[in-house]
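Enquirer: let's see this in three dimensions:
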Amino acid sequence: MLMVEEKHFARQYGGKQVVLATLRGPKGMCAQVTNYGAKVVSLWAPDAQGRMADVVLGFNTLDEWIAQEPYFNAIIGRYANRIKNGRFTLDGKSYQLAVNNGPNALHGGIVGFNQRLWDVVGQTPSSICLHLRALDGEESYPGNLDVWVTYALTTENGLRITYEAQTDKPTVVGFTNHAYFNLKGEGEGTIHDHLLQVLADEYTPFDDTSCPTGVLAPVDGTPMDFRQPTLVGDRIDHPFFAPGRGIDNNFVLRPNPARHLQLAATLSAAGRTMQVLTTMPGLQVYTGNWVERHTGKSGRQYDVQTAICLEAQNFPDAPNHPDFPSAVLRPGDTYFEQTEYRFPVKP
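Expert: Numbering: from 1, shown residues only. A predicted model of the protein is given here:
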């Protein structure tokens, strides 16, 4: 395994110490996590025969991560995806966020959680727990918000992400991890040859600014129907999606009343399979449509459509749609969600 060197992260940033932690799982998986943006720097996962590859895009040094900020493998917050016109109303009070994606607020604003330095509050050989406090009024969101994210490598060959949050004022929250996957290995070309299955019967159509209209529409008979394994390359350039770019759409996952980890999607390529399990109601499939040309960890070039993101999340713009799953967190309540990226191996 060619690991990213810790010395390239060991310095101060914003008055705090940056760390790069190496996690080793009970079945041989390995992940590297930095507290800058709570990002996964590398993820070595097995194929069906147990052969390992680093399956997430990324860079070798902290300076590269800071200078080139494409949300690679970061925790996104305070609200993932888009909020229309950067506005929402909560308990009769209106809030105006910064707009940073056309007319909309995207991924937490100008300085989202992906650019913050988190505190390491717990660590074992196979896990790390990170904490961040977002102050009342930051990015114009209400409430002092405490967020804990735990990355853990599991006995099922998975990377499990646990999100917890508490607030001292009513606020809106919605987190995700924006991991960019290529199951052939980072820098190994496009994801056109990946097979994707998403266990969703509906999706959220969006307007010309990529914000949901509020309708839940059936995938049946549309290019959004991935209920059977489908070659990404057969759909990615369909006119239904962003012309010349690819897929960037939210799927409505099947009901999960017990809110246990439930299979949401399966991705496979080059003899490697990844299952996405989550407690969350939505899954954003994004095919790296706006990735600029970067030189990655292995010295190979990244470009558009060289990775795919399977972002378990609440629905985009949920604070403005009462019929969507609630994004409201109130004092005394605890936000709790989990997502696991699991890599099955033949016994």
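
Enquirer: dump stretch 218-227 to PDB, keeping only the CA atoms.
Expert: In PDB, the C-alpha atoms belonging to stretch 218-227 read as follows (Å, rounded to 0.1, in the frame of the first residue of the first chain):
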ATOM      1  CA  PRO A 218     -41.500   7.700 -10.000                       C
ATOM      2  CA  VAL A 219     -38.300   6.600 -11.500                       C
ATOM      3  CA  ASP A 220     -40.200   4.100 -13.700                       C
ATOM      4  CA  GLY A 221     -39.700   4.800 -17.400                       C
ATOM      5  CA  THR A 222     -37.100   7.500 -16.800                       C
ATOM      6  CA  PRO A 223     -33.300   7.500 -17.000                       C
ATOM      7  CA  MET A 224     -33.400   7.700 -13.100                       C
ATOM      8  CA  ASP A 225     -34.400   4.100 -12.900                       C
ATOM      9  CA  PHE A 226     -31.400   2.300 -11.500                       C
ATOM     10  CA  ARG A 227     -33.300  -0.400  -9.700                       C
END
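
Enquirer: begin at 6 from now on, thanks
Expert: Sure, I'll start numbering at 6, so the last one becomes stretch 223-232.

Enquirer: that one: how far from the chain's middle?
Expert: 22 Å (CA atoms, centre = their mean, to the nearest Å).

Enquirer: in that stretch, what counts as buried?
Expert: Neighbour-count burial for stretch 223-232, counted by 16 or more other CB atoms under 10 Å, picks out 224, 228-231. (Each C-beta comes from the backbone N, C-alpha and C, glycine too.)

Enquirer: want to throw the residues you listed into JSON lines with secondary structure?
Expert: Formatted as JSON lines, the buried residues of stretch 223-232 follow (DSSP: H, G, I helix; E, B strand; the rest coil):
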{"residue": "V224", "secondary structure": "coil"}
{"residue": "P228", "secondary structure": "coil"}
{"residue": "M229", "secondary structure": "coil"}
{"residue": "D230", "secondary structure": "coil"}
{"residue": "F231", "secondary structure": "coil"}
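
Enquirer: any idea which of the residues you listed is closest to L102?
Expert: M229 (28.2 Å; CB to CB).

Enquirer: for the closest residue in space to G251 that isn't next to it in sequence, grab the count of nearby residues.
Expert: Spatial nearest neighbour of G251, excluding adjacent residues (CB to CB, 6 or more residues apart in numbering): T292 at 3.8 Å. By other CB atoms under 10 Å, 30 other residues sit near T292.
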